[in-house]
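# Using only what follows, build the 3D model:
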Amino acid sequence: MDDRRSSGGNELRASLGLFDSTMLVVGAVFGSGIFLTTGIIAAQIPFSGVIWLAWFGGGLVTIAGALCYGELGSLFPKAGGPYVYLQRAYGRGAAFFFGWTFFWIIGGGGIAALAVGFSEYAGFLGLGLPRPVLAVLAVWMLTALNAFGVGLGSRIQAGLAAVRILAVLALAGGAAVLAVKSGLTNIHPVWPSAAREFSWTAMGAAMVAVFWAYDGWYSVNCTAEEIRSPAATIPRSLALGTGFVVLLYLAANLAYSITVPMSELRGLVRVGESAASGLFGPERASLFGAVIALAVLGCLGANILFCARVPFAMARDGLFFRAFGRVHPKTAVPLNALVGQMIWASLLCLSGTYERLVEFVMFAAVLFYAATGAAVIVLRKKAPAAARPYRVWGYPILPSVYVAVNLAIVLALVFEKPLPSLAGAGFVLSGGPAYLFWRNGVRSRAAAENGEVSCPRG
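Residues are numbered from 1 along each chain as shown. Coordinates of the predicted model:
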């Protein structure tokens, strides 16, 4: 079923193939998270083996989510991705709450967190500008590049994705040589020696950081209308992209464990730079820091590209600022949505540290992961006869497990990080009045188009 829009003024151009879509998945996922979050995880669970398990488990959950989204994307290949699936499964209200939260928190906050992560490295390299200014400039520059068309934006992020792939391979190779020469002394402690040393709620909170590093894998779903043969390409690119990222993440974390002692790893933000310093010497650490800065910049560009498609889809339905639903006639990109997203993300760049932005984003993101995974089951029941070019493997067990794991992470986050969780929940609920406003606007325009006249009562 190709349910794409074709009305004038809001039509996107299908120009991305399988390679472009796969690299968009890799580019949107593989960025600052792997270079900045392992130290945050180690502060919660300071055991190498548990950290590896967390990254492996997070990878499996991500692949499960990708399989679920593959079915939904092949069924509804429309811009906006989860916004569309939630609308079809639960109605316009549920879809609006996702889109509202996505623009203000998940997408905008995610872009800001990436920009702040970039500034962590770029500021360290001594570019002479305050870090908040560097973060804002990065958002503006990459928004401008994406404004020239989805083809240019995808090519830029694909090239920068290659840079960060090479960076991880260099780390993994150097760590393997070090392990052969000097053993594995740094990886201890591997497992907790007593039950009191381990907390399941701490593990759940640490998994939030893992999920943050894997976030963005659904990028191709949001850009579905700009993909050629989306019913076949979306599931394939999701499987290939997420599988490749999981392997790279496991290689990077093994390298960190080998090169950075656990006593130094706990709470460390610039993990990639510290590992490079231990492997290649302090004089080469700055060079590696520059490589990581470019890598994070590429991930930021990919997120700017796909995140703007959610408010665009909402506006096209009349449920957000109407200007966001317009496509530029020459470049065929949602330029107004890109600019609005840029302004909001820039303000968020000034609002907090990298870790706080991650906490703020991920409560809402994981909550909607669960709802979208459940949409696979709901839509199987609501529309059993619909043509599904791809059906998720292991149905209904795999979608059910995916939903359960995400809900467990939400509960763990509520216990471990109650204030960010409360803020995230409050922001989701704040969309209620906004939904009523835009819904009434849609109804008024529909009545006007149908020639209806509303009369006062009495």
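
# Residue ranges in the protein under the pLDDT threshold?
For the chain, the stretches with pLDDT under 70 are 1-9, 32, 123-127, 194-195, 352-360, 451-458.

# what's the residue closest to the geometric middle of it?
Taking Cα atoms, centre = their mean, the centroid of the chain lies closest to residue 216, which sits 2.5 Å from it.

# before we move on, which element is that residue in?
Using DSSP states H and E, residue 216 is not contained in any helix or strand.

# Next, count neighbours for the nearest residue in space to it that is not next to it in sequence.
Distances taken as Cβ to Cβ, 6 or more residues apart in numbering place residue 28 nearest to residue 216, at 3.5 Å, with adjacent residues excluded. From N, CA and C alone the C-beta is placed, and that goes for glycine too. Residue 28 has 32 neighbours, counted by other Cβ atoms under 10 Å.

# contacts for the strand or helix carrying residue 28?
Element membership of residue 28 [criterion: DSSP H and E] is helix 18-29. If you take Cβ atoms under 8 Å, 6 or more residues apart in numbering as the criterion, helix 18-29 is touched by 16, 154, 157-158, 160-161, 165, 213-217, 219-220, 223, 227, 233-234, 236-238, 240-242, 244-245, 298-299, 301-303, 305-306.

# again, only using 7 Å
Residues outside helix 18-29 that contact it (Cβ atoms under 7 Å, 6 or more residues apart in numbering) are 154, 157-158, 161, 214, 216-217, 219-220, 223, 227, 233, 236-238, 240-242, 244-245, 298-299, 302-303, 306.

# Quick one: name whatever helix or strand follows it.
Counting by DSSP H and E, the next helix or strand C-terminal to helix 18-29 is helix 32-36.

# next helix or strand past that following helix?
Counting by DSSP H and E, the element that comes right after helix 32-36 along the chain is helix 38-44.

# Can you spell out which helices and strands pack onto that next one?
Packed against helix 38-44 by the contact rule (3 or more Cβ pairs under 7 Å, 6 or more residues apart in numbering; DSSP states H and E) you find helix 48-75, helix 200-214, helix 262-265.

# Can I get those helices in TSV including distance to residue 317?
Converted to TSV, the helices and strands packed on helix 38-44 look like this (distance: least, Cβ to Cβ, whole Å):
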stretch	distance to residue 317
helix 48-75	17
helix 200-214	28
helix 262-265	46
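
# Of all those helices, which one comes closest to residue 347?
For residue 347, the closest of these is helix 200-214, at 20.4 Å, according to Cβ to Cβ.

# Only alpha carbons, please: show the closest one as CSV.
The C-alpha coordinates for helix 200-214 follow below in CSV (Å, rounded to 0.1, in the frame of the first residue of the first chain):
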residue,chain,number,x,y,z
TRP,A,200,18.1,-3.4,38.7
THR,A,201,16.8,0.1,38.8
ALA,A,202,20.3,1.4,38.2
MET,A,203,20.6,-1.0,35.3
GLY,A,204,17.4,0.3,33.9
ALA,A,205,18.6,3.9,34.2
ALA,A,206,21.9,3.0,32.5
MET,A,207,19.9,1.4,29.7
VAL,A,208,18.3,4.8,29.0
ALA,A,209,21.8,6.0,28.0
VAL,A,210,22.2,2.9,25.8
PHE,A,211,18.9,3.6,24.1
TRP,A,212,20.0,7.2,23.6
ALA,A,213,23.1,6.0,21.8
TYR,A,214,20.9,3.7,19.6
